[in-house]
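S.K.: Next input, structure requested:
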Amino acid sequence: MESHRMRITNGLLAVGLTATLATAGCTGGSMGSGTGTPSVGSLSPASGTSAYIQHVVIVVQENRSFDDFFATFPGAVGATQGLEKTPSGDQYIQLQSEPLDSLSLAHQHLAFNHEYDHGKMDGFNTVALTLHKGTRKPAGTYAYRYVDPADIPEYWDIAGQYVLGDHMFTTQSSDSFTAHQDLIAAGTPVGDKGDNVIDFPTPSSWGCDASPPGTTTSLITPSGRYRKAKGPFPCFTYSTIRDLLDAKSLSWLYFTNTSKVGVWNPFEAIQAVRDGPEWSTNIIQPETQFFNYVTNGELPAVSWVIPDAVDSDHPGNHSDSGPSWVASIVNAIGESAYWPNTAVIVVWDDWGGEYDNVPPPQLDGQGLGIRVPMLLVSAYARETSSSQAGYISHTQYEFGSILKFMEQNWGLGTLGRTDVRANSLIDCFDFTQPPRTFSAIPAKYSKAYFLKRPPSGLPVDDY
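M.R.: A predicted model of the protein is given here:
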């Protein structure tokens with residue numbers, strides 16, 4: 001296998017090729033709005049879009065439903081009231097606008113079943129609410145709220161300028177462990193019966209380093225049967241997008257926090273990475289190293305960027321820095337030489353138990369889960385019209401949609417899981433339009449704030 005440095009070098013050669021394509025004239029074929037590059041209509045998904053998109057940056061935040069952040073965003077499918085289950089039947093309750101900081105709601109598979117309630121979306125008041133001292137009680141009306149847009153102006157600014165996906169569903173109806181697996185593997189298949197891993201391991205420990213040695217996982221069958229603690233030790237041998245990237249000598253890096261518990265590092269549960277040389281070369285800590293790679297011209301083809309716990313938007317973390325953290329990543333790309341050929345995709349790993357009004361389609365017995373926000377930033381992000389930059393995609397996506405776009409962009413092949421059925425993110429782009437000029441996203445906290453602040457060292461999640 002090539003060294004990490006060689007793969008980075010190949011990525012930079014691709015950057016230079018893209019710059020040449022963007023500036024050199026083309027003879028014959030279709031031209032895209034005078035950009036000097038081919039129209040997307042003349043290119044196949046597997047061979048053409050990589051002339052425009054050489055880098056994909058996937059920013060993964062925590063535990064927010066679509067309605068929790070964008071309930072009142074103009075033109076999006078949101079809600080200002082929701083159904084609440086009561087002894088006398090369902091009744092509508094007005095959603096309350098609240099600050100970004102909040103308490104944490106249960107969001108394991110059992111909680112999903114209560115909230116989803118066969119598509120009625122009326123059981124959010126019945127799940128557990130964790131109080132500041134760790135005690136739990138039924139959520140009641142607390143679950144029916146959304147974040148005041150004034151608390152998350154960075155997200156609304158990004159959505160207003162670029163693409164907001166209002167039908168991005170989690171792949172599985174579960175929490176962070178399987179969600180982060182789905183973002184690299186489009187599923188968590190184990191055994192030969194079609195079972196998938198779901199929920200946190202038992203006890204709540206993560207990956208190939210999980211302890212004690214008897215740690216188990218839970219399973220969900222193709223028919224939707226839940227099998228608590230009946231799965232294998234959480235150290236898996238199934239393939240991930242890393243295998244497809246490596247096979248094409250395309251570079252990738254996983255920027256993650258320095259917590260002692262690797263809950264948000266899914267490659268810790270992939271044996272080939274955890275016990276192989278890429279654990280040292282491709283897993284980068286702390287996550288703020290991402291900025292150095294951009295500055296030094298070393299951005300790989302694919303980056304995952306995982307926050308410090310206090311920047312994650314996770315309910316109950318008593319911090320408001322998450323939106324600025326995401327804005328700093330977008331600004332770092334937008335203000336660099338990578339802007340013309342990079343797509344930044346921001347997604348939240350699960351819904352965190354927060355209210356959402358759209359019933360997730362049940363494509364099989366294992367998913368989909370509840371909606372989360374999705375933002376896409378690119379010089380070629382689709383525009384609503386010549387006079388309105390922002391675009392809302394109503395296309396049904398899932399986490400496999402992100403992987404499918406990358407598979408098509410570079411002709412990687414497929415993992416053969418939910419990435420096959422998923423709709424690609426390709427409709428979020430318009431490669432016939434001239435590349436946009438970047439405008440910085442105003443933020444409460446600057447990039448310098450995150451670079452100077454020491455890592456919190458806090459456990460990133462407990463479920």
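S.K.: rest of the way, CA atoms for contacts and neighbours
M.R.: Noted.
S.K.: What count of nearby residues applies to residue 388?
M.R.: By other Cα atoms under 10 Å, 11 other residues sit near residue 388.
S.K.: Relative to residue 431, how far out is it?
M.R.: 17 Å (Cα to Cα, to the nearest Å).
S.K.: Look up phi and psi at residue 70.
M.R.: Main-chain torsions, residue 70, degrees, to the nearest 10: phi -130, psi 30.
S.K.: wait, it sits on residue 78?
M.R.: Yes: counting by Cα atoms under 8 Å, residue 70 does reach residue 78; the two are 6.6 Å apart.
S.K.: which of those two has more neighbours?
M.R.: Of the pair residue 70 and residue 78, residue 70 is the one with more neighbours under other Cα under 10 Å, namely 25 against 19.
S.K.: helices or strands up against the one helix or strand residue 345 maps to?
M.R.: For residue 345, the element it lies in under DSSP states H and E is strand 342-348. In terms of contacts (3 or more Cα pairs under 8 Å, 6 or more residues apart in numbering; DSSP states H and E), strand 342-348 is packed against strand 55-61, helix 322-334, strand 371-378.
S.K.: Who are the packing partners of the longest one?
M.R.: I take that to be helix 322-334. helix 153-161, helix 289-295, strand 342-348, helix 447-452.
S.K.: what sits against residue 167?
M.R.: Counting by Cα atoms under 8 Å, 6 or more residues apart in numbering, residue 167 makes contact with 371, 372, 373, 393, 394, 395, 396, 397.
S.K.: switch the cut-off to 6 Å
M.R.: 394, 396, 397 (Cα atoms under 6 Å, 6 or more residues apart in numbering).
S.K.: Now it. Nearest residue, chain neighbours left out?
M.R.: residue 396 (4.9 Å; Cα to Cα, 6 or more residues apart in numbering).
S.K.: Can you get me a residue count around residue 449?
M.R.: 14.
S.K.: Now do it against residue 137, distance only.
M.R.: As for residue 449, its distance to residue 137 is 36 Å (criterion: Cα to Cα).
S.K.: Next: residue 90.
M.R.: 21 Å.
S.K.: Kindly report the same for residue 350.
M.R.: 21 Å.
S.K.: So for the two, which sits in the more crowded spot?
M.R.: Using other Cα under 10 Å as the criterion, residue 350 and residue 137 rank with residue 350 on top: 33 against 12.
S.K.: mind checking the SS state of the more buried one?
M.R.: Following DSSP: H, G, I helix; E, B strand; the rest coil, the label given to residue 350 is coil.
S.K.: can I assume it is in contact with residue 65?
M.R.: No: using Cα atoms under 6 Å as the test, residue 350 is too far from residue 65 to be in contact (7.2 Å).
S.K.: all helices of the stretch 351-463 of the chain, in order?
M.R.: Counting by DSSP state H, counting those that start in this stretch, the stretch 351-463 of the chain has helices at residues 399-410, 418-421, 447-452.
S.K.: How about residues contacting stretch 68-81?
M.R.: 67, 93, 94, 95, 146, 147.
S.K.: dump the residue contacts of the fourth one.
M.R.: With contact set as Cα under 6 Å, 6+ apart, residue 95 has these partners: 80, 81, 144, 145.
S.K.: quick one: which of the residues you listed is nearest to residue 365?
M.R.: Set against residue 365, the nearest of the contacts of residue 95 by Cα to Cα is residue 144 (27.1 Å).
S.K.: Number of residues surrounding that closest one?
M.R.: For residue 144, the neighbour count with other Cα under 10 Å is 25.
S.K.: Find the nearest non-adjacent residue to it, please.
M.R.: residue 95 (5.0 Å).
S.K.: any weak-confidence spans in the stretch 51-200 of the chain?
M.R.: Residues of the stretch 51-200 of the chain meeting the criterion pLDDT under 70: 133.
S.K.: Strands along that one, start to end?
M.R.: 55-61, 81-84, 91-94, 96-98, 104-105, 128-130, 136-138, 145-147, 163-169, 196-202 (DSSP state E, counting those that start in this stretch).
S.K.: Need the nearest residue in space to the residue nearest the centre of the chain, chain neighbours excluded.
M.R.: With distances taken as Cα atoms, centre = their mean, residue 347 lies nearest the centre of the chain, 3.1 Å away. The shortest distance from residue 347 to any non-neighbouring residue, by Cα to Cα, 6+ apart, is to residue 374 (4.8 Å).
S.K.: Residues in a beta bridge with that neighbour, which ones?
M.R.: Applying DSSP bridges to residue 374 gives these bridge partners: residue 165, residue 347.
S.K.: list the contacts for it?
M.R.: So residue 374 contacts 164, 165, 346, 347 (Cα under 6 Å, 6+ apart).
S.K.: My understanding was that the third one contacts residue 373; is that so?
M.R.: No: using Cα under 6 Å, residue 346 and residue 373 do not qualify as a contacting pair, with a distance of 8.1 Å.
S.K.: The two: which has the busier surroundings?
M.R.: residue 373 (27 against 21).
S.K.: Next, the contact list for the more buried one, please.
M.R.: Residues near residue 373 by Cα under 6 Å, 6+ apart: 66, 347.
S.K.: where are the low-confidence patches of the stretch 251-400 of the chain?
M.R.: For the stretch 251-400 of the chain, the stretches with pLDDT under 70 are 259-263.
S.K.: Turn the helices and strands packed on helix 322-334 into TSV, columns for distance to residue 53.
M.R.: As requested, the helices and strands packed on helix 322-334 are exported to TSV (distance: least, Cα to Cα, whole Å):
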stretch	distance to residue 53
helix 153-161	19
helix 289-295	16
strand 342-348	5
helix 447-452	24
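S.K.: Quick check: which of the ones you listed is nearest to residue 403?
M.R.: strand 342-348 (11.2 Å).
S.K.: domains in the protein, as residue ranges please.
M.R.: Annotated domains of the chain cover 4-67+151-188+233-452, 79-147 [automatic domain parsing].
S.K.: Same list (those domains) but as a markdown table, adding distance to residue 212.
M.R.: Output for these, formatted as a markdown table (distance: least, Cα to Cα, whole Å):
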| stretch | distance to residue 212 |
| --- | --- |
| domain 4-67+151-188+233-452 | 10 |
| domain 79-147 | 22 |
